[in-house]
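> Need coordinates for the below:
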Amino acid sequence: MNGIQLIAGTSHPDLAQKISKKLEIPLTPITIKKFANGEIYVRLGKRVRGDDIFIIQTMTNPVNDCLMELLILVDALKRSSAGRINLICPQMCYSRQDRRTQSHEPITAKLVADLITKAGVNRLVTVDLHADQIQGFYDIPVDHFVGYPLITKYLVEKKHKDMVIVSPDVGGVKRANKMADLLNAPIAIIDKIRREHNKCEVAHVVGDVKGKTAIIIDDMVDTGGSICAAAEVVKKYGAKKVIICATHALLNGSAKQNLENCCASEVIFLDTIPISKENRIKKMKIISLAPLLSKIIDRIHKEKSLGELFKWEEQSKLL
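Residues are numbered from 1 along each chain as shown. From the prediction side, this is the model:
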């Protein structure tokens, strides 16, 4: 394709390489380094004037460095007269801070949206924002994709029987319902109380999980405490098998130990952020977003509809 360039930040080089290979477009050379005091330096290694630029940068640990690197990179592109700057950001940072739950709190997701927009990004592509309304924080087009259809396809290929889709909290019921529709399965809901960040108390399960394969679906796993507690509860309520699924594998703190020691027989993630070898366990399955993101980039560049990509979500094509 002419007039298009792929630029990879330092946050997820493996995903960038996979997308580059799929599209048969080499990554644009770029210099990114840090000064002794931690300041980030960026220099483009190729002319970008008038081109359609796709930046591949996810927000992984250290999140603030990834965000600042992105802003500096966008500024470099803007000052080099890039035609259009598209951001492919599978995992957007600060999405959990989308509203004020107590007085004197910020709405950091809105602040991040303002920073990205003001820096010069013309379009955002992201996956599973923690809250759908965050799309409205941006004054640019936002293509918000979800991760559960890719996980659903994998589950169908594995031919699991007697599935029940479990939402680990009330906020995830919409996602669980859509996944259940694709699989023609019932749903269950775990009613949990969270008194502190990264800590929760499970109250009870609404729905029947006895004798079934419980598929617990969430948007992210951080320390793993909440979702592992959910797995133990559905097992206690009689589920014969438990599978944990999530889009974003943040995996901080004791997440590896929690997932390894919990009763789940399989843990499924998408590669929205890199998962280090140290955080991988035998029962973990990682599904790549590269094929889908490659198609998205191709269609955006060619000004084609993105809706065509989701015909495969139809129930008749999955079962």
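
> Quick check: the gap between residue 69 and residue 34.
9 Å (Cβ to Cβ, to the nearest Å). C-beta here means a position set from N, CA and C on the backbone, and glycine is covered the same way.

> These two - which one has more neighbours?
residue 69 (20 against 12; other Cβ atoms under 10 Å).

> Quick check: the more buried one is in a helix.
Yes. Under DSSP: H, G, I helix; E, B strand; the rest coil, residue 69 sits within a helix.

> State the distance from it to residue 175.
With the distance defined as Cβ to Cβ, residue 69 ends up 30 Å from residue 175.

> Likewise for residue 290?
Residue 290 sits 22 Å away from residue 175, going by Cβ to Cβ.

> do residue 49 as well
Remark: distance between residue 49 and residue 175 (Cβ to Cβ) = 42 Å.

> Flag the shaky bits of the stretch 151-300 of the chain, pLDDT-wise.
Along the stretch 151-300 of the chain, the model assigns pLDDT under 70 to residues 192-203.

> Let me see the ranges of the helices in it.
For the stretch 151-300 of the chain, the helices defined by DSSP state H, counting those that start in this stretch cover 173-183, 225-236, 255-261, 290-301.

> for these, which one sits closest to residue 19?
Ranking the helices of the stretch 151-300 of the chain by proximity to residue 19 (Cβ to Cβ) places helix 290-301 first, at 5.1 Å.

> Check which helices and strands the closest one sits against.
Other helices and strands packing on helix 290-301, by 3 or more Cβ pairs under 8 Å, 6 or more residues apart in numbering; DSSP states H and E, are strand 4-8, helix 13-23, strand 52-56, strand 84-89, strand 123-127, strand 142-145.

> With mean neighbour count, mean pLDDT and distance to residue 62 added, can I get the ones you listed in TSV?
Compiled in TSV, those are given as follows (neighbours: other Cβ atoms under 10 Å; pLDDT from 0 to 100; distance: least, Cβ to Cβ, whole Å):
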stretch	mean neighbour count	mean pLDDT	distance to residue 62
strand 4-8	22	98	17
helix 13-23	18	98	16
strand 52-56	25	98	18
strand 84-89	23	98	16
strand 123-127	21	97	19
strand 142-145	17	94	25
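
> now the ones you listed in CSV, with distance to residue 298?
Shown next, in CSV, are the helices and strands packed on helix 290-301 (distance: least, Cβ to Cβ, whole Å):
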stretch, distance to residue 298
strand 4-8, 9
helix 13-23, 7
strand 52-56, 10
strand 84-89, 12
strand 123-127, 12
strand 142-145, 13
